[in-house]
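**Q** fold the following.
(chains A and B)
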Amino acid sequence: MDVGLNSGQLALRDSVRDVLRTECPPGVARQAMTDPECWRTVWKTVVDLGWTELAVPADGGEGSFGRVDLAVVLEECGAAIAPIPLLSSIGLAAGVLRAAGSAVDEVLAAIGGGVVAALAVHPPGSRLPGVPMTMQSGRLHGRAIAVAGLPRADLIVTLASSADGPVAAVVRVGDGVAVQSAECTNPAQPIADVEIDAEPVVTAPVDVESALATPLLAAAADLVGVADAALARSIEHAKSRQQFGKPIGGFQGIKHALADNYVAVERARSLTYAAAARLDDPATSPAAGWTAAALAKAAAAEAAVGCARTGVQVHGALGQTWEHDMHLYLRHAWQGAATLGDSRALYHAVGRRVAGGAA
Amino acid sequence: MTGANGVVAEFAAWLTEFLPDDYQDRYREYRWDLDLRRGYQRAAFEAGWLQPTWPREHGGRSLGLADAMEVRLEAAMRSAPKLPNIAGPGVAAPGIRQFGTAEQIDRLLIPLLRGDEWWALGMSEPEAGSDFASLRTRAVRDGDMFRVKGRKIWTTQAHLSRWCTLYARTDPDAPKHRGISCLILDLESPGVTIEPIRMASISDETFCEVILDDVEVPVANLLGPLNGGWQVAMSSLNHERQMIWIMNWVEIQRGLDSVQAAETADDDYASGEVFTELGSLLADAEALRATGYRSLHNELAGRPNPEADILKLLGSLTLQRVWELAAAAAGPRSIDDTDLLFERQDALAATIYGGTSEIQRNIIAERLLGLPKG
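**A** Numbering: from 1, shown residues only, chains lettered A, B, ... in the order given. The predicted structure follows:
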């Protein structure tokens, strides 16, 4: 199995990186924390460049993108802590729809064209993502919490149980959809709870594990990017900040902490690209795909939170200020880590499956 | 791909033919069977599976790195017998192939690869462990001989070996990395005293102390350039850096199997703890495999592969955590499980040999992250 990037993917990565470096430096995320509309400028650029077209699955035809390409782009957006709903739209919401067959093609095309979508899969009281809604007599009903990107979304994708088994359902934000926004860890990426009692735009039967695998992978890619960027900032500081007459990066206490961060980042990155390749392989079973994506998400969240926390430590008092960027990485990492299953919950779920142990 | 699968299938069939029928079921006994392991090395040499990337006459079949990795993974997954003197084919042989004279290769390589002559690595000294370059053993030129005085320690299997790659200071005035040479020492030479050191665990990789009291080594036994010993050491140890993770990976797999085989505690909380750690270790094992592949992919594409430098650190740490979890999952039954005791003790060595974890972190920080030397 191949888990490396090909030259096309490397070129895609570099072009996304270059665009974000100029269009979306970290200060934009800080601005987005207090200015609820400023994300739209970057979003317009991203849509115009066609990045949202990655929502449409690879088997859609010539020139379409696979999950490795999706991961490449989302990783760069994570590294830029870009305050845009790209992960929520093309990674999470469209990720579920990839498992829902041709019935949702129009919705995927709309997301591909830049319509913002959010994924509601957190049932209240559960650490892991699941099926928060029910479908009965043509109406979608239920409540989901911590829906990433919802305050900016026009469409909600969710999972519902029905008499005929689980379905993916899409509703429009509007009548019968009560959005409850609140302050959150990372205001640059606002979340909201939602209560739905509405007729869906479309529903389609899905396998729940297959449906959640791509969102887990997408979240992993985003967090790998955050981890890598936070580590890069720490390294930069450790080389330039002098104490006791030499750069603090020369002390093993700092050096080894950053080396451990590097291991965590590369561990997560390898798992993420391996999971993407696995999910793109039609021979992969739903359970194997979910497991690979869940481990990638768990590892990426550990890396992101670890690198950002170490980053605060390495930056000392500076890292505790509003003006320094480190809290932006930390907020993004903490919020992402709690979305779609925290690392411990995901590890537990995988461990229990593999051990075949009883609950 | 079909090429690789064809080669792997051929190797798999050969391995099945070689191994006893009950090998998998009785691995815990066969792992100590030195005759089987010696026989395996000889047969692998003759069939070209010992070092698959090397040419036929050196125990290989000139495979590419990718095919060779698939063969090694297959060997690992089948728990193929461990070579009885890994320092020979794994470290000394690549050094001899790269730096040896025609005469040295001709005399030494085949008996080494067949396992007829064992090798020890004369590197560590009482005052030179991680700081290998500060070694003090002296080799002084005397006509067509070097006269060697000094003391080596933690020299694995020296008491069973015929030869030793002996690192000694040949230029005391040069900076410490540049005054070292590698000499091929015949351990039967007069003046060599070898004292085995009792190990804390059951082990067939016994350390020795090697005392060198005015030992004569012919100048013809210099391996590589005079005062070029540092490069010989680094290059020998780095040989197939890509492949080292496979050894850890297979032992991790065995540990994970052992965790799963342990009777799950009847307490939900306790088994939940085991599941969480198990999930994390499954991620480590898969990350090791995926990083090994990523790194190979980059190497074959002619790109830098810095990610390879995490393999030793991640692999060895994961191995230790796996066996600690196996012990936790076994509860008090871990106490009378002497196989488990061996695994736990053996895993503790993995973060020391081949460069300690602390040295690995320094390497990552200084070479990859660009942090200043301490």
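**Q** any idea which element the residue of the stretch 251-359 of chain A found nearest chain B lies in?
**A** With C-beta to the nearest C-beta as the measure, residue A:347 is the residue of the stretch 251-359 of chain A nearest to chain B, at 3.0 Å. Any C-beta I mention is one placed from the backbone N, CA and C, and that applies to glycine too. If you go by DSSP states H and E, residue A:347 is part of helix A:343-355.
**Q** tell me what that helix is packed against?
**A** On a contact count with 3 or more C-beta pairs under 8 Å, 6 or more residues apart in numbering or on different chains; DSSP states H and E, helix A:343-355 meets helix A:286-315, helix B:241-261, helix B:268-300.
**Q** ok, residue 356 - contacts?
**A** I went with chain A, as the question did not name one. Going by C-beta atoms under 8 Å, 6 or more residues apart in numbering or on different chains, residue A:356 touches residue B:260.
**Q** hm, I was asking about chain B
**A** residue B:130.
**Q** about what we covered before: a markdown table please, covering the helices and strands packed on helix A:343-355 and showing mean pLDDT.
**A** Below are the helices and strands packed on helix A:343-355 laid out as a markdown table (pLDDT from 0 to 100):
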| stretch | mean pLDDT |
| --- | --- |
| helix A:286-315 | 98 |
| helix B:241-261 | 85 |
| helix B:268-300 | 92 |
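**Q** deepest of those helices, which one?
**A** Here the criterion is mean neighbour count by mean count of other C-beta atoms under 10 Å in any protein chain shown, and of the helices and strands packed on helix A:343-355 the winner is helix A:286-315, at a mean of 26.
**Q** other SSEs contacting that helix?
**A** helix A:208-240, helix A:252-280, helix A:326-338, helix A:343-355, helix B:268-300.
**Q** show me what contacts the residue nearest to residue B:272 when sequence neighbours are not counted?
**A** Leaving aside its chain neighbours, residue B:272 sits nearest to residue A:348 (6.3 Å; criterion: C-beta to C-beta, 6 or more residues apart in numbering or on different chains). With contacts defined as C-beta under 8 Å, 6+ apart, residue A:348 is in contact with B:272, B:275-276, B:279.
**Q** at 6 Å what do you get?
**A** B:275-276, B:279 (C-beta atoms under 6 Å, 6 or more residues apart in numbering or on different chains).
**Q** make CSV out of the residues you listed and add distance to chain A.
**A** Listed next are the contacts of residue A:348 as CSV, based on distance: C-beta to the nearest C-beta, whole Å:
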residue, distance to chain A
B:275, 3
B:276, 4
B:279, 3
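**Q** middle-most residue in chain A, spatially?
**A** residue A:219 (2.5 Å; C-alpha atoms, centre = their mean).
**Q** and that residue, how close does it get to residue A:261?
**A** According to C-beta to C-beta, to the nearest Å, residue A:219 stands 20 Å off from residue A:261.
**Q** count of neighbours near the closest residue to residue B:50 other than its chain neighbours?
**A** Leaving aside its sequence neighbours, residue B:50 sits nearest to residue B:59 (C-beta to C-beta, 6+ apart; 3.6 Å). The local packing of residue B:59 (other C-beta atoms under 10 Å in any protein chain shown) involves 25 other residues.
**Q** tabulate the contacts of residue A:348 (TSV), appending distance to residue A:297.
**A** Formatted as TSV, the contacts of residue A:348 follow (distance: C-beta to C-beta, whole Å):
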residue	distance to residue A:297
B:275	17
B:276	15
B:279	12
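**Q** which secondary structure element is home to the nearest residue to residue B:250 once chain neighbours are set aside?
**A** Nearest residue to residue B:250, sequence neighbours excluded (C-beta to C-beta, 6+ apart): residue B:76, at 3.6 Å. Residue B:76 belongs to helix B:65-77 when assigned by DSSP H and E.
**Q** could you list every helix and strand in contact with the lengthiest strand in chain A?
**A** Longest strand in chain A, counting residues (DSSP state E): strand A:139-148. Here strand A:139-148 touches strand A:117-120, strand A:133-136, strand A:191-198, going by 3 or more C-beta pairs under 6 Å, 6 or more residues apart in numbering or on different chains; DSSP states H and E.
**Q** which of those is buried the deepest?
**A** Mean neighbour count (mean count of other C-beta under 10 Å) peaks for strand A:117-120 among the helices and strands packed on strand A:139-148, with a mean of 31.
**Q** so what strands line up beside that one?
**A** Here strand A:117-120 has these sheet partners by DSSP bridges: strand A:155-161 (parallel).
**Q** who touches the partner strand?
**A** With contacts defined as C-beta under 6 Å, 6+ apart, strand A:155-161 is touched by A:93, A:96, A:117-121, A:131, A:133-135, A:140, A:167, A:169-171.
**Q** kindly report the same for stretch B:18-31.
**A** Contacts of stretch B:18-31 (C-beta under 6 Å, 6+ apart): B:36, B:43, B:79, B:339.
**Q** could you chop chain B up by domain?
**A** Domain assignment for chain B, taken from automatic domain parsing, gives B:2-84, B:118-227, B:240-368.
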